[in-house]
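K.L.:
give me a 3D structure for the following:
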Amino acid sequence: MQDADWDPLWPESRHSIQVAAAFAEMRGGDSVASYESAAVVWGLPLYRCALEVVHVTVPDGKHISSRLGMRRHGDALSEEDVAVREGIRVTTLERTVLDLACTLSFAAALAAADAALRLVAFDGGTYDETAAREWRDEMLTRLAHSVGRRGVRMAAEVLALADGRAESPAESAGRGHLHRLGFRRLRPQVEVRGPDGRLLRVDIEIEDIATFLEVDGAGKYLDDAMRTGRTVEQVILDEKRREDWIRGTTRKPLVRAEEKHVRTPQALAARLSSFGITLP
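P.N.:
Below you'll find the model as predicted:
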């Protein structure tokens, strides 16, 4: 692949190509794509993760050795933990999420779990809360059988908080940091009826303090596709009108955070404090 084709790709897209190439080279066998490499096969985001090697799990007890560009894990995988996707043997969506929840940072693990739950619980544009609750319960039950595994405590926190309504990894990270800062009633993608009858959505409502948090990426203003034919100035004006309407009709303040404000709990705490918000 030429640099001109490679450079514009998202890190996850680049890694999926590396995974496909590695498995084409192995030509079968009992190796299974796992961890971050399984995540890209399932289309899960890997928020602020360095994707340096292809992760492969092989049967527990088998002689394993890693080579440049590949990390091999020895582990017992049941047939229920293995699927075939895009011609690649890969850990199932559920096993992949469990592995990530035990090993990634809290924000990255939550972003992946949110995206997985979005695949599970959205049906025809409607979010099935019953299906989401059952999936979370099943995942927590599976995790309870992983006694002694490193990272289990954080994984339980991730799975309990996972919500498929989150629309971006940065939004998931923001919700995770709010939880870590002590807020407990966090509602994603809150609907507010607009002046023309259409539904407006706000990323997160911090119900503890009746405040909205909107996590804005630069793409909303700079990406031609996301602007849908509008100029940057028109997008900013539309956002201002939208924000004014939401604040005016709900009587709740709205805090805007950029991606730099949700990189760490401390950064988000500083952003909230600059709006006069007292942390729990």
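K.L.:
what does the helix or strand hosting residue 133 rub up against?
P.N.:
Using DSSP states H and E, residue 133 sits in helix 129-144. With contact meaning CB atoms under 8 Å, 6 or more residues apart in numbering, helix 129-144 is reached by 94, 97-98, 101, 117, 120-121, 123, 152, 155-156, 159-160, 162-164. C-beta: built from backbone N, CA, C; applies to glycine.
K.L.:
got it, and stretch 98-106?
P.N.:
With contact meaning CB under 8 Å, 6+ apart, stretch 98-106 is reached by 34-36, 38-39, 44, 46, 48-49, 91, 108-109, 112-113, 139, 142-143, 146, 149-152, 154-155, 157-159, 176, 180.
K.L.:
of the residues you listed, which belong to helices?
P.N.:
Among the contacts of stretch 98-106, the residues falling in helices (DSSP state H) are 35-36, 38-39, 108-109, 112-113, 139, 142-143, 152, 154-155, 157-159, 176, 180.
K.L.:
just checking, residue 201 touches residue 189?
P.N.:
Yes - between residue 201 and residue 189 there is a contact at 5.0 Å, judged by CB atoms under 8 Å.
K.L.:
that older thread, how about the helix holding residue 133 as PDB, C-alpha atoms only?
P.N.:
Extracted C-alpha coordinates of helix 129-144, given in PDB (Å, rounded to 0.1, in the frame of the first residue of the first chain):
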ATOM      1  CA  GLU A 129     -32.700  -1.300  27.100                       C
ATOM      2  CA  THR A 130     -33.800  -4.800  28.100                       C
ATOM      3  CA  ALA A 131     -31.300  -6.400  25.700                       C
ATOM      4  CA  ALA A 132     -28.600  -4.000  27.000                       C
ATOM      5  CA  ARG A 133     -29.300  -4.900  30.600                       C
ATOM      6  CA  GLU A 134     -29.300  -8.700  29.800                       C
ATOM      7  CA  TRP A 135     -26.000  -8.300  28.000                       C
ATOM      8  CA  ARG A 136     -24.400  -6.500  30.900                       C
ATOM      9  CA  ASP A 137     -25.700  -9.000  33.400                       C
ATOM     10  CA  GLU A 138     -24.400 -11.900  31.300                       C
ATOM     11  CA  MET A 139     -21.000 -10.200  30.900                       C
ATOM     12  CA  LEU A 140     -20.700  -9.600  34.700                       C
ATOM     13  CA  THR A 141     -21.600 -13.300  35.300                       C
ATOM     14  CA  ARG A 142     -18.800 -14.300  32.900                       C
ATOM     15  CA  LEU A 143     -16.400 -12.000  34.700                       C
ATOM     16  CA  ALA A 144     -17.300 -13.500  38.100                       C
END
